[in-house]
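Enquirer: Model the structure of this input:
(one chain, ligands or ions: 1)
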Amino acid sequence: MRILIAEDDPIIADGLCRTLRASGYAVDRAANGLDADTALVANTYDLLILDLGLPKLPGLEVLKRLRARNSTVPVLILTAMDGTEDRVRGLDLGADDYMVKPFELPELEARVRALTRRSSGSSPMMYHGPLRYDQVGRVALMNGVPLDLSARELGLLEVLISRAGRLVSKDQLVDQLCGWGEEVSHNAIEVYVHRLRKKLEPGGVRIATVRGLGYCLEKPQEVSGA
Ligand code: CA
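Expert: Just a heads-up that it's a prediction; the model follows:
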């Protein structure tokens, strides 16, 4: 899951960024409207968190351009307390939800989960043999027992389980797991896969390496037949 935060207040942007990264999201940041617009043209995001009061290009204009390109990426707008009119215009222009500043980070996280879940069109609970992944609570369970996974490992598992039985390339994993300013190499991906694999294998769930290409979370029936 990759999120763009368009926010010019460094304190708010830092807080959002830290919270969402700790939950395993890949996060990019833009401190003005033009940079946000450029990033949205260049990359694919699962969610845009958009401050309406942005320098260089107002948030509403960023939103208008985004929807004019027929992008369906969910948008959560951040507005000032007295910004009722902007909020209504934002929703009219195709924003999906809004939060009024100052907001509580846990509430924001809950809305982020709801919006990304809606956009992925998948149910909040994903099943893979004895493995269950709760997208809302961001918890993985093996035979009902919670697995102790780092934020990176959870992010990795989320990508693999949503494409179970299919090949996922290292480049796709880098793209899904990392935001700007985070150097994550193919070697680091190999380390995360190695750690996750060790935690899944006792339950009989295998991550296959497709040499030179990437990884594949094997179908449960293939595992039991092996
Ligand atoms: Ca602002």
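Enquirer: can we go C-alpha only for contacts and neighbour counts from here?
Expert: Fine.
Enquirer: What sits closest to the residue of the chain found nearest the ion if chain neighbours are left out?
Expert: Nearest residue of the chain to the ion (C-alpha to the ion) works out as G53 at 4.0 Å. Ranked by C-alpha to C-alpha, 6 or more residues apart in numbering and with sequence neighbours excluded, the top spatial neighbour of G53 is G59, at 6.0 Å.
Enquirer: what number of residues lie near that neighbour?
Expert: For G59, the neighbour count with other C-alpha atoms under 10 Å is 27.
Enquirer: Check whether stretch 82-92 comes near the ion.
Expert: No: residues of stretch 82-92 are not located near the ion by C-alpha under 5 Å from the ion, the shortest gap being 11.8 Å.
Enquirer: Show me what counts as buried in that stretch.
Expert: 86-87, 90-91 (16 or more other C-alpha atoms under 10 Å).
Enquirer: same deal with stretch 18-37?
Expert: For stretch 18-37, burial by neighbour count (16+ other C-alpha under 10 Å) applies to 19-21, 23-37.
Enquirer: Show residues contacting the helix or strand hosting L60.
Expert: Assessed by DSSP states H and E, L60 sits inside helix 59-68. For helix 59-68, the external contacting residues (C-alpha atoms under 8 Å, 6 or more residues apart in numbering) are 33-34, 36-37, 40, 50-53, 86, 89-90, 93-95.
Enquirer: Which ones among the residues you listed map onto strands?
Expert: 50-51 (DSSP state E).
Enquirer: A188: which of the contacts of helix 59-68 is nearest?
Expert: L40 (26.3 Å; C-alpha to C-alpha).
Enquirer: what number of residues lie near the nearest residue to the closest one once chain neighbours are set aside?
Expert: Nearest non-adjacent residue to L40, counting by C-alpha to C-alpha, 6+ apart: L66, 7.4 Å away. Taking other C-alpha under 10 Å as the criterion, the count of residues near L66 is 19.
Enquirer: Also the one 5 residues further on?
Expert: Here the count is done by other C-alpha under 10 Å, and S71 has 14 residues near it.
Enquirer: where does this protein come near the ion, residue by residue?
Expert: When proximity is defined as C-alpha under 5 Å from the ion, the chain approaches the ion at 53-54.
Enquirer: can you list the domain ranges for the chain.
Expert: For the chain, automatic domain parsing gives the domain ranges 2-120, 125-217.
Enquirer: Tabulate those domains in TSV, adding columns for mean pLDDT.
Expert: Shown next, in TSV, are these (pLDDT from 0 to 100):
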stretch	mean pLDDT
domain 2-120	92
domain 125-217	88
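Enquirer: still on that earlier bit, buried sites along the helix holding L60?
Expert: Residues of helix 59-68 classed as buried by neighbour count (16+ other C-alpha under 10 Å): 59-66.
Enquirer: Also stretch 167-179?
Expert: Across stretch 167-179, burial judged by 16+ other C-alpha under 10 Å covers 167-170, 173-179.
Enquirer: Thanks again, I'm all set now.
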